[in-house]
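**Q** sequence and predicted model, in that order:
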Amino acid sequence: MWQPSKLELERLDKAQRLRDKGVEMYPARVCRSHRIAEAVEAFTVMEADSPDARDPIQVTLTGRIRRLNTKGKASFAHIEDESGRVQLFLRLNSLGEAAYELVRRKLIDVDDFVQARGVMMRTRAGEISVAVEGLRLISKALSPLPVVKEQRRDDGHVVEYGEFKDVETRYRRRYADLAVNRSVREVFVKRARTIKALRDFLDSEGMLEVETPILQPLYGGAAARPFVTHHNQLHQDLYLRISFELYLKRLLVGGYDAVYEMGRDFRNEGVSYKHNTEFTMLEFYKSYIDYAGVMDITERMFAYAALEVTGSTNIVYQGQAIDLKPPWKRLSIREAVQSFLGFDYMDYPDAESLYAHLRARGLAEGLKQSDTWGRMIVEHLLGDHIEKELIQPTIIRDYPRDMSPFAKRLQGGASPDTAKERRYVETHTERFEFFIAGMEMGNAFTELNDPRDQQDRFVEMKRLYADEADETTPLDQDYLIAMRYGMPPNGGFGCGVDRLVMLLTDQVSIRDVLLYPHLRLPAPTDRDLRGQFMLEAAVRECEYRLDYALEGTKHRLALYLPARGIGVEFRLANALDGARRQLQHLRKLVGGQLYVMTDEGFYRVEDEFVEMDLADFWRTAGM
RNA sequence: GGCCCUGUAGCUCAAUUUGGCAGAGCAAGCGACUCUUAAUCGUUAGGUUGAAGGUUCGAGUCCUUCCAGGGUCACCA
């Protein structure tokens, strides 16, 4: 499915010339004495220590050529490995005629990987370089990467000229994005550091990392639609997990004090700048603490991760300074509504009266008649009107019960003295979510461990969301059975790791912290339509086929370009005349003579199709 | 799924408003240059303007449909 562009044809040609010279382009074994940054560091140290007596530092470096400035008899290149870049100083005198010729004739290109042996030096212009005595091609790049030039200012600041920023191409060809865009590479280094920091933190808290099934016979633990798949041998439908919750809490029954899991969740929902169909989730459950204990851990964990990854608990996200240092602001959802929207929703204790009040205040836009009371408060008031204001880390606690089937009811301190306050306690749970930069980052509860209450909640959820079959949490009998054996009181936590990475790397879109964000199959490009391309390196003969999968196909065309060793076969929906333009374009593209075979006869393409007989056709096509 | 925006050379972008020869920089080919560094100088080539259809003497530009991406709403902690 690959047809070379003109630039790629040039490189294929260079590859052939290298083969003709007997150059091995893809050796199995290479040498490297230093990473590039190490070699530069060694030279810097040597310069500082012994400014007079210069012992030559012999190095053998490997890397990708990112800049190549060929001159008559002395050339310069930059090579780059993961640690950094260094300049190569390549001179005819040092390399010898044969090796230097590869550079001067640019048989070695930008983007190729090379191995360079030589002595560390500083050029007259002051740049640390390698005076190369031996240069060896170790991997030839047949497709050129997008060109981004760099200028390193005296202050060390790097200015880039030219960019590779088309997001679709960057996501689809992430390798090219990474190879070219240094800042993208850095994001994924920080992502790895974030995950390591979270793991280190939880380990140091004495929690046990576990792994639970991704394929589950029954999904649960969140309100989301699952992906369904099928096990052929067992004749059983399986769901990809939407959360880890129910499996992890079973482990507390089993006797572990505290467990956590970091892994992939799958939700069959739309994608957006903060949703991907699969995403990395972190959940932990710890015995003998309640949600206040979880709040403390949450604050310390995020502060720790920020410190490890960015070096500070003060970060900047999209121009906003954010301070992650504990303690964070904490308020109940009731207080949040009071302070942001100016009323007490407990004055409207059922769905009807709350709906009427919101309409009266002009806050009802987007509300559905079917919404439950709690859902209006959590998703509408909090989600639509308050969430985006929560820039500094904020814990919002005490959620309505009908939105929180796994959270323990609010454990009031002093017994409430009015009917309103009694009702408040009855209808709310010990659950909190926390928000940073206007984004919901995670969710936690004092976990429900009373099997009878849990059963009631399953039933209650089923009743409340009867209209929306997709959103009911299925009744997990085995989970209830487990709970009946006794589950220690515990606090649980879940957060989207990708969103934390967005925060710590200052990325607006979740797609920029995922190496391979979910995309549709690419639109069939011009090249794809031209079909399958096969490279036969030995004879440098190209053959590609076109298969227009169009209805009403009449003609099957074959097209040969013996001058370039290219053969094409394809079908066309249109009559022969309709193909002329495309064929002539193809001829322009690849050069040479076109020979066309159709159901109706054989032709040579001049300005018109010139009819041929079969024998002539094959002979002139050189086949 | 609805609405809005985008798709032009390998990359980054012009030309779209008001239909009239599809252009530039970088990258590439060839030539010159033994301390360059966004090297420079000369020169050459490079396009099915995402795809298909329509209107028109003439379409990158206007219309229809489709594809992909982004945004937004819906869905969804």
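**A** Arrived safely, thanks for sending. Residues are numbered from 1 along each chain as shown, chains lettered A, B, ... in the order given.

**Q** residue A:69 against residue A:77, yeah?
**A** Yes: checked against CB atoms under 8 Å, the pair residue A:69 and residue A:77 is within contact range at 7.1 Å. For every residue, glycine as well, the C-beta is placed using N, CA and C.

**Q** so the two - more neighbours on which side?
**A** residue A:77 (26 against 11; other CB atoms under 10 Å).

**Q** any idea how far that one is from residue A:145?
**A** 15 Å (CB to CB, to the nearest Å).

**Q** so in chain A, which helix runs the longest?
**A** helix A:182-204 (DSSP state H).

**Q** tell me the pLDDT of the spatially most central residue of chain A.
**A** Nearest residue to the geometric centre of chain A (CA atoms, centre = their mean): residue A:514, 1.4 Å. For residue A:514, the pLDDT comes out at 95.

**Q** identify the residues contacting it.
**A** A:276, A:279, A:498 (CB atoms under 8 Å, 6 or more residues apart in numbering).

**Q** in strands, which of those residues appear?
**A** residue A:279 (DSSP state E).

**Q** ok, and the most crowded of the contacts of residue A:514?
**A** Highest neighbour count within these, by other CB under 10 Å: residue A:498, with 24 neighbours.

**Q** go ahead and confirm it touches residue A:515.
**A** No: contact criterion CB under 8 Å: residue A:498 and residue A:515 do not qualify, at 11.2 Å.

**Q** quick revisit: so which bits of the longest helix of chain A are buried?
**A** Neighbour counts over helix A:182-204 (16 or more other CB atoms under 10 Å) mark A:184, A:187-188, A:190-191, A:193-195, A:197-198, A:201-202 as buried.

**Q** what packs against whatever helix or strand comes next after it?
**A** Downstream of helix A:182-204, the next assigned helix or strand under DSSP states H and E is strand A:208-209. Helices and strands touching strand A:208-209, by 3 or more CB pairs under 8 Å, 6 or more residues apart in numbering; DSSP states H and E, are helix A:182-204, strand A:258-266.

**Q** can you tell me if the longest one touches RNA strand B.
**A** No: using CB under 7 Å from any atom of the strand, helix A:182-204 never reaches RNA strand B; the gap is at least 12.9 Å.

**Q** tell me the angle of that helix relative to strand A:258-266?
**A** Taking axes from the mean of the first three to the mean of the last three CA atoms, to 10 degrees, one finds helix A:182-204 and strand A:258-266 inclined to each other by 150 degrees.

**Q** convert helix A:182-204 to CSV, retaining C-alpha atoms only.
**A** C-alpha atoms of helix A:182-204 as CSV (Å, rounded to 0.1, in the frame of the first residue of the first chain):
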residue,chain,number,x,y,z
ARG,A,182,11.6,17.2,20.7
SER,A,183,8.8,18.7,22.9
VAL,A,184,6.6,15.7,22.0
ARG,A,185,9.3,13.3,23.1
GLU,A,186,9.5,15.2,26.4
VAL,A,187,5.8,14.8,27.1
PHE,A,188,6.0,11.1,27.0
VAL,A,189,9.1,11.0,29.2
LYS,A,190,7.1,13.0,31.7
ARG,A,191,4.2,10.7,31.3
ALA,A,192,6.5,7.8,32.2
ARG,A,193,7.8,9.7,35.2
THR,A,194,4.2,10.5,36.3
ILE,A,195,3.2,6.9,36.3
LYS,A,196,6.4,5.9,38.1
ALA,A,197,5.8,8.6,40.7
LEU,A,198,2.3,7.4,41.4
ARG,A,199,3.5,3.8,41.7
ASP,A,200,6.3,4.8,44.0
PHE,A,201,4.0,6.9,46.2
LEU,A,202,1.4,4.1,46.5
ASP,A,203,4.1,1.5,47.2
SER,A,204,5.5,3.7,49.9
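
**Q** measure the residue nearest to the centre of chain A to RNA strand B for me?
**A** 10 Å (CB to the nearest atom of the strand, to the nearest Å).

**Q** same deal with residue A:12?
**A** Separation of residue A:12 from RNA strand B (CB to the nearest atom of the strand): 12 Å.

**Q** just to revisit the earlier point, contacts made by the longest helix of chain A with the rest, please.
**A** Here helix A:182-204 has contacts from A:82, A:158, A:170, A:177-178, A:209, A:260, A:262, A:280, A:282, A:284, A:300-301, A:304-305, A:308-310, A:497, A:500-501, A:504-505, A:507, A:512-513, A:515, using CB under 8 Å, 6+ apart.

**Q** switch to 7 Å and redo it
**A** For helix A:182-204, contacts defined as CB atoms under 7 Å, 6 or more residues apart in numbering pick out A:177-178, A:209, A:260, A:262, A:282, A:284, A:301, A:304-305, A:308-309, A:497, A:500-501, A:504-505, A:507, A:512-513, A:515.

**Q** what subset of those residues is buried?
**A** Members of the contacts of helix A:182-204 classed as buried by 16+ other CB under 10 Å are A:177, A:260, A:262, A:282, A:284, A:301, A:304-305, A:308-309, A:497, A:500-501, A:504-505, A:507, A:512-513.

**Q** select from these every entry located in helices.
**A** Per DSSP H, the subset of the buried ones among the contacts of helix A:182-204 in helices is A:177, A:301, A:304-305, A:308-309, A:497, A:500-501, A:504-505.

**Q** need those in JSON lines (columns: pLDDT and distance to residue A:88).
**A** Shown next, in JSON lines, are those (pLDDT from 0 to 100; distance: CB to CB, whole Å):
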{"residue": "A:177", "pLDDT": "95", "distance to residue A:88": "25"}
{"residue": "A:301", "pLDDT": "98", "distance to residue A:88": "45"}
{"residue": "A:304", "pLDDT": "98", "distance to residue A:88": "42"}
{"residue": "A:305", "pLDDT": "97", "distance to residue A:88": "39"}
{"residue": "A:308", "pLDDT": "97", "distance to residue A:88": "36"}
{"residue": "A:309", "pLDDT": "97", "distance to residue A:88": "34"}
{"residue": "A:497", "pLDDT": "96", "distance to residue A:88": "40"}
{"residue": "A:500", "pLDDT": "96", "distance to residue A:88": "40"}
{"residue": "A:501", "pLDDT": "96", "distance to residue A:88": "36"}
{"residue": "A:504", "pLDDT": "96", "distance to residue A:88": "36"}
{"residue": "A:505", "pLDDT": "96", "distance to residue A:88": "32"}
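
**Q** closest to RNA strand B among those residues?
**A** Closest approach to RNA strand B among those (CB to the nearest atom of the strand): residue A:177, at 10.0 Å.

**Q** which residues touch that closest one?
**A** A:164, A:170, A:184.

**Q** any idea which helix or strand carries residue A:129?
**A** strand A:128-139.

**Q** tell me the mean pLDDT for that strand?
**A** pLDDT averaged over strand A:128-139 gives 96.

**Q** following that strand, which helix or strand shows up next?
**A** strand A:149-152.

**Q** show me what that next one is packed against.
**A** Applying 3 or more CB pairs under 7 Å, 6 or more residues apart in numbering; DSSP states H and E, one finds that strand A:149-152 contacts strand A:158-161.
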